[in-house]
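Participant: Predicted model follows, preceded by the sequence.
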Amino acid sequence: MTDIPATALEPQLAPKPTAEERWRALRTVSRGDLIYRSVLTVLAMLLPLLVLLIAVELVANAMPAVSKFGVGFLAHSTWDPVRGEFGALPLIFGTLYSSLVALVIAVPLALGCAIFLTEFSPRWLRTPVATLIELLAAVPSVIYGLWGIFVLIPLLRDHIWPVARHVLDKLPIFSGVFYGPSVLAAGVILAVMVLPYITAVAREVLLAVPPSQREAGLALGATRWETVTTVILPYGRAGIIGAVILGLGRALGETMAVTMVIGNRHEVSASLLQPGYTMAAAIANEFSEAVSDMHLAALFMVGAVLFLITILANTLARVLVWRVARGSAVGSTAI
Amino acid sequence: MTKRIIGLLAVAAGSLWLARGAAAQETVRLNGAGATFPQPIYQKWVLEYHTLHPNIEINYQGIGSGGGIRQFTDHTVDFGASDGPMTDAQIQAVNGDVLHFPTVLGSVVPTYNIPGVSAQLKFTGDVLAGIWLGQITKWNDSRITAINPGVSLPDQDIVVAHRSDGSGTTYIWTDYLSKVSPEWKQQVGMGTSVNWPVGLGGQGNPGVANIVKQTPGAIGYVELIYAIQNHIGYGLVRNSAGNYIEASLATTTNAAAGAVANLDPNTDFRISITNSDGAQAYPIASFTWLLLPKQMTDAAKARALLDFVWWALHGGQQYNEGLAYAKLPARVVQLEEQHLKSITVNGQPVLPANYRGR
C-alpha cells in the first residue's frame, strides 16, 4: 500500500537570490557539497535504472513467448498451459474493463467528496471526513477481497440484483446469469480502493485554487454551485485529470482483491455479471506453479504488456494534463 | 521510530550471528523448496528432526512445485519438492541427475452446495468429467440421478468452481479426469493449470471452498486435508472396482497400495495412482515427491540429507495423520530405501549397505 502522493500545494519559496549571490554560492563549492551532490545523483539515478532493469528483465524473460506468439498474443483468447498455447486478450480486456468500471463509480464519488470538503463542508467536519477517507487507503487489499467475498458478492447477488434486474437486464452489459464473482464485483471493490487516492489529490487541487477566483465568481453573481462548475473545476482540471489517472494506475495493477472476486476466467464478455480475469491476477495465480518454460514466458509477457499499458496510461495523462494545463497551471504537478 | 527499528534489527542480526558462532561447528544447513501441499508436514518433520539432531538445520520453503523444480534444476537448493513428477524434458535438463521420492499421499474430493440436499452424493468419473466439461449443467440431470437413487435433486444450474492458481490439487484432479474420460484427456488434458471449459476460479482451497459455500448449486474440488480440517462435506467417488468410496486417510493409502502392488523395483516413482486398483481404494489420490540428485559432491550435506529423508519415510510418518496426510504403504517405503542407498557422493554410496536409519 503506497502513501498518499505529494500534494499539489506549491511550496512557499524564499525570495530569489540575486544573480551575484548565486554566482558567489556557485564558486564556493565545498568538498562536502560535492560528495553530497554525487551521492544524491547516484541515488536519484538508481530509480530510473530500476525501471529500466524491470523492463529489460521482463522482456528478456518473455522472449520465448514473444518469438512464438508475436503480436497475436494480444489478440487471442485461448490460455492453455497444457498445450502451450497462450493469448492474453481476456486478461487485457478484463484489466481495462474492471478499471473502467472502477473509475465510472469512483470518479463522481471522489469529486463530489472533494468538492464538498473544500467548498461546502463546515470547517470542523473537514479533517475527520478527509482522514476517514484516507484511512481507506490503509486497508490491506486482502481485507477488501474478503469483504468482497463475504459482504459485497452476497449483497449484489441476493439483494441488489434481484431488484435491479427488472430494470437492467435488457442491457447487454447486464446479460447472463449472475453467480456473484464477476467484473462488476471487481469494479466495485476497485472503486472503493481507488476512492481515497482520487479524493485526496482532487481535494488538494481544489484547495489550491486561489480564493480570488472563488470570490470573483461569487462577485459576478454566480451561486456556490455555479462557481464550482464554471470557475473552480475548470481551474483545477489538470490536477483532477492527474488524480483520476493516479486512481487508474492503482486499479490496473491491483491484484489480490481483484483475484478474490473476479472469478478468474479467461474469457472476454461484455456483461458485467460474468467472470473475467486481469493481468496482475493471472500472474499472481499462475506464476509459482508454472512448470513449463513457455507458460512462464507467457506470464512474463503478460507482465511486460501490463507494464506497457501502465506507461501508456501515464503518458496519456501527461499529454492530457499538458493540453488542458495551458491557461490554468494549478495542479499540473499533481501527478 | 525508524532509528529504533534499525537498532532493533541490528541487535537481532547481531544476536543471530552470535548464535551462529556459538553453535556446534559441524552444523549442516540444508535448503529445500517446492510444493505447498506437503508444506505443513515437511515443516513438522524439519522441526521434529531438528529437536532430535540439533546440528541439522533444514529450511523448506513452499514456493510452489514449478518453482521447486526450477530451483532444483538451477542447483540453488539441496532438494526440491513437487506435487507433479518432473517431465522427461525437465529430467533431461538436469542430465537425468534426479530421483523422485514419494513422501506422503494426498487426495482430492468433490464438494458441493445444493439447497435442500443434505445427502452425501455419489459421483462417477463420467459424471465428474461431464460436469467439468460443461455437458452436465443441471443437478437433476439423469446421469446424476441415476447413480443417486432416493435423493431428490432440484432443477438447479450447476456452477463449477476450480482453482485459479496453479496447484498440485488441480494436477491430481485433472490427472483423474484424464484417466476416466477420453474426451477430457483430448480436450483439456492434465496439469497444474489447465484451460477450463467452464467454471469460476477461486484462489487456493479456501477460494474454491468459498465459491461452493456461497453459491447455490456450486460444485468444486478441494484437498481432503482441507475438507477434513474445515468440516466440509464431500461426495463419494466410484473407483475402478465399482465401489463408491468415501475419501479418508485409509482409503487414500489403499489407493497407493493398489497402484504399487506390482511395481517394478526399478521404478522411478513417477507414477500416477489415480483410479488405481483395490476394492477400497479412493480413486483421486496422488503422491507428492521430494526431488534429490543422484550424485552429490558435499559429503556432509549428502549424509545429512539422506539421514533426514530416511527418517521422514520411517519415523516421520507417525506425524502424518495428525496433520491429515495419508501414510505411505510399506511396499513404497521398502523400494525407496533401495533408491536412497543408490545415491552417491563423489562416486561413493552415501549410506552404507546395511543402513537402518541414524
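Facilitator: Received it, and whenever you're ready, just let me know what you need.

Participant: Please list the residues of the stretch 151-300 of chain B that sit near chain A.
Facilitator: By Cβ under 8 Å from any Cβ of the partner chain, the part of the stretch 151-300 of chain B that sits against chain A consists of B:157, B:159, B:164-168, B:188-196, B:199-203, B:207, B:210-211, B:214-215, B:218. For every residue, glycine as well, the C-beta is placed using N, CA and C.

Participant: Now a PyMOL select for only the buried ones of the residues you listed.
Facilitator: In PyMOL, this line selects whichever of these come out buried by 16 or more other Cβ atoms under 10 Å in any protein chain shown:
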select buried, chain B and resi 159+164+165+166+167+168+188+189+190+191+192+193+194+195+196+199+200+201+202+203+207+210+211+214+215+218
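
Participant: Going by neighbour count, list what's buried in the helix or strand containing B:Val332.
Facilitator: Using DSSP states H and E, B:Val332 falls within helix B:330-341. Using 16+ other Cβ under 10 Å as the burial criterion, the residues of helix B:330-341 that qualify are B:Val332, B:Leu335, B:Glu336, B:Glu337, B:His339, B:Leu340, B:Lys341.

Participant: which residue ranges form the helices in the stretch 251-358 of chain B?
Facilitator: B:299-313, B:330-341 (DSSP state H, counting those that start in this stretch).

Participant: can you check the stretch 51-200 of chain B too?
Facilitator: Using DSSP H, counting those that start in this stretch, helices in the stretch 51-200 of chain B cover B:65-73, B:88-93, B:125-132, B:142-147, B:168-180, B:182-187.

Participant: Spell out which parts of the stretch 51-200 of chain A neighbour chain B.
Facilitator: With Cβ under 8 Å from any Cβ as the criterion, the stretch 51-200 of chain A meets chain B at residues A:78-83, A:149, A:153-154, A:177, A:179-181.

Participant: re earlier: also near chain A: which of the buried residues of helix B:330-341, exactly?
Facilitator: Of the buried residues of helix B:330-341, not one also sits near chain A (Cβ under 8 Å from any Cβ).

Participant: Quickly name whichever of those residues is closest to B:Gln135.
Facilitator: Distance to B:Gln135 across the buried residues of helix B:330-341 (Cβ to Cβ) is lowest for B:Val332, with 36.5 Å.

Participant: Could you measure from that closest one over to B:Glu321?
Facilitator: Distance of B:Val332 to B:Glu321, computed by Cβ to Cβ, to the nearest Å: 16 Å.

Participant: A:Ile245 now?
Facilitator: Distance, A:Ile245 to B:Glu321, using Cβ to Cβ: 56 Å.

Participant: out of those two, which sits in the busier spot?
Facilitator: Higher neighbour count among A:Ile245 and B:Glu321: A:Ile245, with 23 against 12, using other Cβ atoms under 10 Å in any protein chain shown.

Participant: ok, the more buried one touching A:Leu312?
Facilitator: No. A:Ile245 is not in contact with A:Leu312 according to Cβ atoms under 8 Å; the separation is 11.0 Å.

Participant: where do the strands sit along the chain?
Facilitator: If you meant another chain, say so; for now it's chain A. A:79-80, A:85-86 (DSSP state E).

Participant: oops, I was thinking of chain B
Facilitator: So, for chain B - with DSSP E - the strands run B:28-34, B:56-61, B:79-82, B:99-113, B:122-123, B:159-163, B:200-202, B:218-223, B:236-238, B:244-245, B:285-292, B:295-296, B:344-345, B:348-349.

Participant: Report the mean per-residue pLDDT for the fifth one.
Facilitator: To tie it back to what came earlier, the one meant is strand B:122-123. Per-residue pLDDT over strand B:122-123 has a mean of 96.

Participant: now the helices for the stretch 201-335 of chain A?
Facilitator: A:211-219, A:224-227, A:233-235, A:237-253, A:256-261, A:279-286, A:293-325.
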